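S.K.: following is a predicted model, sequence given first.
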Amino acid sequence: MKLSKKALEEIATVVQPATILAWHRRPVEHQGGCSRLRKAVGRPRTPKAIEDLVVRMARENRSWGYDR
């Protein structure tokens, strides 16, 4: 269903018609982009074995580390 700017002016009272048209245009332009796999952002997770080792060492050696 297509709406003209004039029809949008009558319907939309919270936002401007140009804003609604821009919201509609954005997904249509990027329609093919969602099929690609997205790369994870940030630092990779630490392996569970290393995490367990660090926790064990911290518990066994309470005098190590920051003391304030």
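M.R.: Okay, I see it.
S.K.: contact partners for Lys5?
M.R.: Lys5 makes contact with Pro17, Ala18, Leu21, according to Cβ atoms under 8 Å, 6 or more residues apart in numbering. Where C-beta positions appear, they are placed from N, C-alpha and C, glycine not excepted.
S.K.: of these, closest to Glu10?
M.R.: For the contacts of Lys5, the residue nearest Glu10 by Cβ to Cβ is Pro17; the value is 9.4 Å.
S.K.: what number of residues lie near the closest one?
M.R.: 17 (other Cβ atoms under 10 Å).
S.K.: helix, strand, or coil at the most centrally placed residue in the chain?
M.R.: For the chain, the residue nearest the mean C-alpha position is Val41 (9.4 Å; Cα atoms, centre = their mean). Under DSSP: H, G, I helix; E, B strand; the rest coil, the three-state class of Val41 is coil.
S.K.: can you give me the helices for the chain?
M.R.: Using DSSP state H, the helices found in the chain span residues 5-11, 17-29, 48-60.
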